[in-house]
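> Let me see the structure of the following:
(chains A, B, C and D)
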There are 2 protein chains.
Amino acid sequence: MTAMTTGNTSRADANRRRILDVALAELLRDPDASMDQIARAAGVVRRTVYGHFPSREALISTLVDGAVEALADADSRARHGVTDPAEAVARSVLALWPVADRYRLLIALAQRTVTVQGIRERLAPLRDSKVSLLQRGLDEGAFSSPLPAPALAYVHEQMLFAVMEAVNDGLVAAEEAGRSATVAVLTAAGVPASRATELVAEVP
Amino acid sequence: MTAMTTGNTSRADANRRRILDVALAELLRDPDASMDQIARAAGVVRRTVYGHFPSREALISTLVDGAVEALADADSRARHGVTDPAEAVARSVLALWPVADRYRLLIALAQRTVTVQGIRERLAPLRDSKVSLLQRGLDEGAFSSPLPAPALAYVHEQMLFAVMEAVNDGLVAAEEAGRSATVAVLTAAGVPASRATELVAEVP
DNA sequence: ACGGCGTTGCACAGTAGTGTGCAACTCGGG
DNA sequence: CCCGAGTTGCACACTACTGTGCAACGCCGT
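Residues are numbered from 1 along each chain as shown, chains lettered A, B, ... in the order given. Take a look at the predicted model:
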């Protein structure tokens, strides 16, 4: 058979995984990376990639599915049972931080001309829950901003990317980046800097 | 002559201007927009665009030059003679806001695989002056953030984009967006929300 | 109404990417 | 050892884009 649709060998599996890993990195660097670039970066020939994924779309789609799942998981797990809005945001950001690169991929692709139909839709639940959390915080007076909750959600999103870029450029140490980003996000939501720092220090 | 290198007619000039305007919008929507897309959007045939600009690169380069100039102008004009860091940031953001879409284009292109060599370099002076302003504010205690000044500059940048996206999506009214964005940026720099609001209200 | 600039439409060559078919190779497990 | 899944290399057709040449056309001022 030309393609190994039911492939299950050890190296086939390893290759598939490696292709996905490399594709994430490569597409992060350049959302228009070609199949050839990805293949070479994975130490494999283009034809082999088509053995694992029928098309570029399919490859990206697999990546998107994994990213959405990982993010939704991390977020819901982190916020489970937490009622205080500020603490919920803190926990959410801290939990999302380690998987933020995947988030970044999603946004980079979604901003682009409909690479994969419906990234935004698949991401909507996560966004919505964040918006309602922010709204609640604004209503309760825990947060304060001239921006409405949905816009504040955009701002938080972009702030994470900014800090990630700063880490990439060596402006912020990777170990403290998550905490710093969290404090920054809380501060932007109107939480006093002192309270934000304190809050982040309390979270394990 | 095939091309009108010295073209000076009224409609030729008008076309050139319109092509540039439309190209800005089109490239903002999709940094990979083809010459055909741009031409059609400008109500012109592809061949005509090549009459005004010898290549895609040249067209984009013209756009970049205009953007950098407009931004540097607005920023230096707004901050001229202002010593208080918070007020300087407020004036800067308010002045940059109306031309922020051009800024956005620059970043979108610069993030991409070297579309135009040296966008970052041409943008560096503007960034540097912003960084030193933030640094001064942090030193004087006007600002407060766990992030170093350069990272904070990234954050401010991205926050502007976030608010712009919010405006695009109808989440924030265009008239108040500039003021809201300014308050948000100041807040993120650790300026208390009340002081930030007050400050923005004072600026004409 | 005429000349010329700007524009159009079309054709062309060159480049780069996608997805597929096929034969030959390699490597590991039974 | 040898069978087969997985891989490679090459060839191919197709699509989309760039940049150029050229002839024809339209429009404006003089």
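
> Chain neighbours aside, what residue packs nearest to residue A:44?
Computed as C-beta to C-beta, 6 or more residues apart in numbering or on different chains, the closest residue to residue A:44 that is not its neighbour in sequence is residue A:15, at 6.3 Å. Where C-beta positions appear, they are placed from N, C-alpha and C, glycine not excepted.

> Residue A:23 versus that neighbour, what's the distance?
Distance, residue A:15 to residue A:23, by C-beta to C-beta, to the nearest Å: 12 Å.

> what's the longest helix in chain A?
Determined from DSSP state H, the single longest helix within chain A is helix A:56-79.

> From the contact counts, what lies against that one?
On a contact count with 3 or more C-beta pairs under 8 Å, 6 or more residues apart in numbering or on different chains; DSSP states H and E, helix A:56-79 meets helix A:10-29, helix A:35-41, helix A:85-96, helix A:100-111, helix A:119-140.

> so of these, which one's packed in deepest?
Stretch with highest mean neighbour count among the helices and strands packed on helix A:56-79: helix A:85-96 (a mean of 22; mean count of other C-beta atoms under 10 Å in any protein chain shown).

> ok so, going back, what sits in contact with each of residue A:15 and residue A:23?
Shared contacts of residue A:15 and residue A:23 (C-beta atoms under 8 Å, 6 or more residues apart in numbering or on different chains): residue A:42.

> what's the helix or strand of chain A with the lowest mean pLDDT packed up against?
Sorted by mean pLDDT, DSSP states H and E, the helices and strands of chain A end with helix A:100-111, the least confident at a mean of 83. In this structure, helix A:100-111 packs against helix A:10-29, helix A:56-79, helix A:119-140, helix A:149-168, with contacts taken as 3+ C-beta pairs under 8 Å, 6+ apart.

> Nearest to DNA strand D, out of the ones you listed?
Nearest to DNA strand D among the helices and strands packed on helix A:100-111 is helix A:10-29 (3.3 Å), distances taken as C-beta to the nearest atom of the strand.

> tell me the angle the closest one makes with helix B:100-111.
Counting by axes from the mean of the first three to the mean of the last three C-alpha atoms, to 10 degrees, helix A:10-29 lies at 140 degrees to helix B:100-111.

> Give me the contact list for helix A:10-29.
A:4, A:7, A:33, A:37-39, A:41-44, A:48-49, A:52-53, A:59-60, A:62-63, A:66, A:101-102, A:104-105, A:108-109.

> shaky segments in chain A?
A:1-9, A:113-115 (pLDDT under 70).

> Please name the spatially closest residue to the spatially most central residue of chain A (chain neighbours excluded).
By C-alpha atoms, centre = their mean, chain A has its centre lying nearest to residue A:103, at 1.7 Å. Closest residue in space to residue A:103, ignoring its immediate chain neighbours: residue A:71 at 5.8 Å, by C-beta to C-beta, 6+ apart.

> same check, this time on residue A:188
Taking C-beta to C-beta, 6+ apart, and ignoring the residues beside it in sequence, residue A:188 has residue B:188 as its nearest neighbour in space, at 4.0 Å.

> Could you pull up the residues touching that neighbour?
Going by C-beta under 8 Å, 6+ apart, residue B:188 touches A:159, A:184, A:187-188, B:145, B:152, B:155-156, B:159.

> which ones among those come in contact with DNA strand D?
With the criterion set as C-beta under 7 Å from any atom of the strand, no member of the contacts of residue B:188 is near DNA strand D.

> Residue numbers of chain A in contact with chain B?
Counting by C-beta under 8 Å from any C-beta of the partner chain, chain A comes close to chain B at A:30, A:32, A:112-113, A:144-148, A:150-151, A:154-155, A:157-159, A:161-163, A:165-166, A:169, A:171-172, A:176, A:179-180, A:183-184, A:187-188, A:190, A:192-193, A:197.

> and residue A:97, how many neighbours does it have?
Residues lying near residue A:97 (other C-beta atoms under 10 Å in any protein chain shown) number 20.

> hang on, it packs against residue A:180?
No - the criterion here is C-beta atoms under 8 Å, and residue A:97 misses it with residue A:180 at 10.0 Å.

> which neighbours do these two share?
Common contacts of residue A:97 and residue A:180, defined by C-beta under 8 Å, 6+ apart, are absent altogether.

> thinking again about what came up before, mind putting the helices and strands packed on helix A:100-111 into CSV with distance to DNA strand C?
Below are those laid out as CSV (distance: least, C-beta to the nearest atom of the strand, whole Å):
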stretch, distance to DNA strand C
helix A:10-29, 6
helix A:56-79, 4
helix A:119-140, 17
helix A:149-168, 24
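
> so how far is DNA strand C from the nearest residue to residue A:164 once chain neighbours are set aside?
Nearest non-adjacent residue to residue A:164, counting by C-beta to C-beta, 6+ apart: residue A:100, 5.9 Å away. Distance from residue A:100 to DNA strand C, counting by C-beta to the nearest atom of the strand, to the nearest Å: 26 Å.

> picking that back up, how close does the residue nearest to the centre of chain A sit to residue A:186?
Distance, residue A:103 to residue A:186, using C-beta to C-beta: 18 Å.

> Counting neighbours, which bits of stretch A:166-178 end up buried?
Applying a neighbour-count criterion of 16 or more other C-beta atoms under 10 Å in any protein chain shown, one finds A:166-167, A:171-172, A:177-178 buried in stretch A:166-178.

> Same question for stretch A:148-155.
Quick answer for stretch A:148-155 (16+ other C-beta under 10 Å): A:148-155.
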